[in-house]
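1. Model the structure of this input:
(2 chains, ligands or ions: 1)
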Amino acid sequence: MSARDEILRRVRSALTDVEPDPDPVAAPRGAAPADLVSHFAERVADYRATVVRCTADEVGAAVAAALPAGARVVVPPGLPEVVAARLSDVRVDDGLSAAELDQVDAVITGCRVAVAETGTIVLDHAPGQGRRALTLVPDRHVCVVRADQVVADVPDAVAALDPGRPLTWISGPSATSDIELDRVEGVHGPRVLHVIVVGEIEQQ
Amino acid sequence: MTHTFVGMPPFPVAAREALADTQLRHNLGHATATIRGKRDQVVAEVENWEELRLAGAAVKDRALRGLDQHLVQLEESLTDRGATVHWARDAVEANRIVVDVARRHRVDEVVKVKSMVTQEIGLNEALQAEGIAAWETDLAELIVQLGGDLPSHILVPAIHRNRAEIREIFRSKMGGVGRAAPSELSDDPAALAAAARAHLREKFLRARMAVSGANFAVAETGTLVVVESEGNGRMCLTLPDVLVSVVGIEKVVPTWAELDPLLRLLPRSSTGERMNPYTSTWSGVIPGDGPQEVHVVLLDNGRTRALADEVGRQALRCIRCSACLNVCPVYERVGGHAYGSVYPGPIGAILNPLLKGTGDPQTDSLPYASSLCGACFEACPVRIDIPEVLVHLRSKVVDGHRDDRIPKPEAVAMRSASWTFAGGRRLGRAERLTRLGIGVGRRFGAARWTATRDLPTPPKESFRAWWKRTDGRLDR
Ligand code: SF4
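-> Numbering: from 1, shown residues only, chains lettered A, B, ... in the order given. Below you'll find the predicted structure:
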C-alpha cells in the first residue's frame, strides 16, 4: 500500500466513532475600534516602528523625509509616481538578485490592507508592492498605507485577502526575544519599518 | 551536531539533575515570568477571548473529525498550484524524501526555518549522514545548534541560556561553520543579534534549498502559513530555488476563513504580542517570486495513533504556542531537557505517549511529570484539557504494567484502593482507619512519597460518621 493510502486508511479507522462536521466554524467578531486610522497608527508605533500621517499632497515629501541622505533606494514596478517623485536616485526592481538587493539601503512599497487592532500591514505582492524578496533584504522598509485600506481586525483582513496570492503580514520591524527575553529589533528582516498613513487628517 | 533526545533517562532522574542547576532555574524563572506577564496583558485586551478559544478549538476539532477529506483536498489544491505533495508514514520516510530532493539538486547545504516537526523526525542528523549541512536560522535554534545542545522550549529553544553563555558560544563556534563573530563581541543582546545577522546573511544569500514546517495548512486553498519574528523564515521561504515543507497531518485548517481565530489566538498566547512580526503564506509555485520548485511532505509519524485515542486526540489541536509551558510549575523548575523530547512541558507530557505509545520507561514517566494543577488548560488557546489526558494516560501506563512481575508501589496502592472503594462496608471501615493509617504511614514507608508531596492531615471525623450523626445537615 502506498504511504498515502495507508495514512488515509489509518485516519479513517481512527475516526470510526465520529461524524465529520460539514459546516465551517463561525468565529466571534473581532475588535471594532472607533477611529480605525488612529488606532492603527498607535498600534504600529507600539512595535517601535515609525508612523507618520500626511495628506495625499504630502506623500512625496513624507517619503523623502523617511530616507537618510544618500540612501540607495529600490521600488517595485507599479508604485504610483507621486510616491517616489521627490527622490533622485531610485532603481525600479527588474529582478535584482539577492546579492544586489543586499546592496540597497531602502525599499518603498504600498500594501494591500492594514489591520488597526494589531498594527499589521499586509502585502499581497501585487504591482506597487513588489515580489517578496524586495521588502525583505533591504534594511529599511517605507510602506505607504492609504487610510481607506485600514480595516478593524484580523477577520476583516482575512475576508479581504486572496489566499491564492503569496501574503506577507508585517507587524513592526523584524525582532527577536531569544536572548533573555529582551526584545531586539532587527534581525534578518528590515531593521527599520517606516509607515506613512495617507488620508485627510481630522481636525482635533 | 548529532545531539538527539534518544536514550534520555526517565523524567524523575533527569528532573533531579535539572533541579540542581541553579543557573538554569534562574534563567527559566526569569524567562517564564516575563512571557506570562506579557501574555496576560494582551489576552486581557481581547473582550471575547473565551469565545475565541472555543472557536479555535472548534476549528481544529472540525479539521480532525474530517481529516481524511481535508487531507485529500489539501493535496489537490496544492498540486493545482504547482506544488509536489509527498506522504510519509514515519520519520525515516520523511527524511528520505527531503534527502532525495537535496540530492537531485546536488546541494550540500540547506537553510532551515525553525520547526518542531523536523526536529521530531531528526532531519538534521539524516541530512548530515548524507553529507548535507542543515543550518538552523532562527536565533535561538542557532544558539542551540552551535552550542551542540538541545532545545528546551517550544518557542524560545535557548531559554536556558543567558547572554554571557550565548556570547561564549558565538565567539568559540561561529568561525568554524561560517562567518566568525567579531572578536570584541559584547554580551549586549543587540550586539549578539547583529552577529547572528551577519553570520546567517551569507548563508541566506547563497542557499539554493530551504526546509520549513508550517503552522497551518488550509485544505480549501492549499495555503501554507509560517508565523515568525526574525525574518529568517521569510528569507528561507523566499530566496532559495527549492523549498521543502514538512507538515504534520494535524496542521490542516479546513477553510481560509477558519484561519482567522487561530491567527488571533496564536501570537497573543505565544510571545504575548498582538501579532508576531511576520506571517508568510504561500501555496505552490508563484512564477517570478520565490522558490520555483515547492515540495510538501504530509507526515503521520504517530499522529494517527494519537487520533485513535478518543480522550487523547484533542492533543492534536495543539498550535504549539507554548503557553502551557510558561505557566507550568513543573516546567518552570526543571526546564525542557528533563522531558527528553522536542515537545517538553505539559503538551509534551501528553503528546509523546500519544505519538509513540506507552511501554518505554522514558515515555511512560511523562504523564507523571505534572502536579495536575490545571494551569495549562486555563492557558491553552485551543482548550486542550491536558490534565484530563494526563490522568487518562496514567491509567494506560498502569494498565501496561499490569503483568509486571514486581508491581510498582503505586500500582499496589491503587489496587488496594480500588478494592476498598468497591464495597461500601469496606470503605466505611477504611475511613475509620484513615487517621490511624496516615499516622502509621507517616512513620513507615510514606517518607519517599511525602518528600515531594503533602500528606493531608486526616479529618477528625469521616464523612460517613458525620452523615450518620447529622443526617447531612450542616448546622449540626
Ligand atoms: S497545548 Fe495548548 S497551550 Fe500548550 S502549546 Fe499546545 S496550544 Fe499552546
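2. When you work out contacts or count neighbours from here on, use the C-alpha atoms and nothing else.
-> Noted.
3. ok, and the closest non-adjacent residue to A:Glu185?
-> If you skip the residues right next to it in sequence, A:Glu185 has A:Ala175 as its closest partner in space, 4.2 Å away by CA to CA, 6 or more residues apart in numbering or on different chains.
4. I misspoke; the intended subject was A:Asp93.
-> In space, not counting the residues next to it along the chain, A:Asp93 is nearest to A:Pro76; the distance is 5.3 Å by CA to CA, 6+ apart.
5. repeat for A:Val44
-> Spatial nearest neighbour of A:Val44, chain neighbours left out: A:Gly119 (4.5 Å); criterion: CA to CA, 6+ apart.
6. From B:Val43, how far out is that neighbour?
-> When distances are taken as CA to CA, to the nearest Å, A:Gly119 and B:Val43 turn out to be 16 Å apart.
7. which one of the two has more residues nearby?
-> A:Gly119 (25 against 20; other CA atoms under 10 Å in any protein chain shown).
8. List the contacts of the more buried one.
-> For A:Gly119, the contacting residues are A:His39, A:Phe40, A:Ala41, A:Glu42, A:Arg43, A:Val44, A:Ser171, A:Gly172, B:Met275, by CA atoms under 8 Å, 6 or more residues apart in numbering or on different chains.
9. Could you check how many residues crowd around the second one?
-> The number of residues packed near A:Phe40 is 27, by other CA under 10 Å.
10. Which of the helices or strands spans it?
-> Of the helices and strands defined by DSSP states H and E, A:Phe40 is found in helix A:36-46.
11. roughly how far out does that helix sit from the chain middle?
-> On the basis of CA atoms, centre = their mean, to the nearest Å, helix A:36-46 is displaced by 14 Å from the centre of the chain it belongs to.
12. Show me what the helix or strand bottoming out on mean pLDDT in chain A is packed against.
-> The weakest-scoring helix or strand in chain A, judged by mean pLDDT, DSSP states H and E, is strand A:184-185 (a mean of 87). For strand A:184-185, the packing partners by 3 or more CA pairs under 8 Å, 6 or more residues apart in numbering or on different chains; DSSP states H and E come out as strand A:175-176, helix B:189-206.
13. any low-confidence regions in chain A?
-> Counting by pLDDT under 70, chain A has low-confidence residues at A:200-204.
14. rewinding a little: residues contacting the least confident helix or strand of chain A, please?
-> Outside of strand A:184-185, the residues that reach it under the criterion CA under 8 Å, 6+ apart are A:Pro173, A:Ser174, A:Ala175, A:Thr176, A:Ser177, A:Arg191, B:Pro189, B:Ala190, B:Ala193.
15. from these, which is closest to the ligand?
-> The ligand lies nearest to A:Ser177 out of the contacts of strand A:184-185, by CA to the nearest ligand atom, at 17.9 Å.
16. ok, now how distant is the closest residue to B:Glu250 other than its chain neighbours from B:Leu74?
-> By the measure of CA to CA, 6+ apart, the closest residue to B:Glu250 outside its immediate chain neighbours is B:Leu316, 6.0 Å from it. Using CA to CA, one obtains 18 Å as the distance from B:Leu316 to B:Leu74.
17. if I pick B:Leu175, what's in contact with it?
-> Residue B:175: Gly, not Leu. In this structure, B:Gly175 makes contact with B:Ala181, judged by CA under 8 Å, 6+ apart.
18. I'd like the distance from it to B:Ser245, if you could.
-> 29 Å.
19. where does B:Thr79 fall, helix, sheet strand or coil?
-> Each residue gets one of three states, and B:Thr79 gets helix by DSSP: H, G, I helix; E, B strand; the rest coil.
20. roughly how far apart are it and chain A?
-> Going from B:Thr79 to chain A by CA to the nearest CA, to the nearest Å gives 13 Å.
21. what does B:Ala57 give?
-> If you measure B:Ala57 against chain A using CA to the nearest CA, the figure is 10 Å.
22. pLDDT value on the closest residue to that residue other than its chain neighbours, please?
-> Counting by CA to CA, 6+ apart, the nearest residue to B:Ala57 once its immediate chain neighbours are dropped is B:Val382, at 4.4 Å. According to the predicted model, the pLDDT of B:Val382 comes to 98.
23. The host helix or strand of A:Val82 packs against which elements?
-> Here A:Val82 is covered by helix A:81-84, with elements defined by DSSP H and E. Using 3+ CA pairs under 8 Å, 6+ apart as the contact criterion, the elements in contact with helix A:81-84 are helix A:59-65.
24. Now with 10 Å, please.
-> helix A:59-65, strand A:73-75, strand A:106-109 (3 or more CA pairs under 10 Å, 6 or more residues apart in numbering or on different chains; DSSP states H and E).
25. buried stuff in that helix?
-> Neighbour-count burial for helix A:81-84 flags A:Val83, A:Ala84 (criterion: 16 or more other CA atoms under 10 Å in any protein chain shown).
26. how far is that helix from where the chain is centred?
-> Chain-centre distance of helix A:81-84: 19 Å, with CA atoms, centre = their mean.
27. cool, and stretch A:53-66?
-> If you compare the mean C-alpha spot of stretch A:53-66 with that of the full chain, they lie 19 Å apart, counting by CA atoms, centre = their mean.
28. And stretch B:117-126, by the same measure?
-> Distance of stretch B:117-126 from its chain centroid, counting by CA atoms, centre = their mean, is 15 Å.
29. Can you tell me the element B:Ala217 falls in?
-> Under the criterion DSSP H and E, the helix or strand holding B:Ala217 is strand B:216-218.
30. Name the residues of the helix holding A:Phe40 that are buried.
-> Of the residues in helix A:36-46, those buried by neighbour count under the rule 16+ other CA under 10 Å are A:Leu36, A:Val37, A:Ser38, A:His39, A:Phe40, A:Ala41, A:Glu42, A:Arg43, A:Val44, A:Ala45.
31. got it, and stretch B:152-171?
-> Residues of stretch B:152-171 classed as buried under the neighbour-count rule (16+ other CA under 10 Å) are B:152-163, B:166-167, B:169-171.
32. try stretch B:18-28
-> For stretch B:18-28, the buried set under the neighbour-count rule, 16+ other CA under 10 Å, comprises B:Ala18, B:Leu24, B:Arg25, B:Asn27, B:Leu28.
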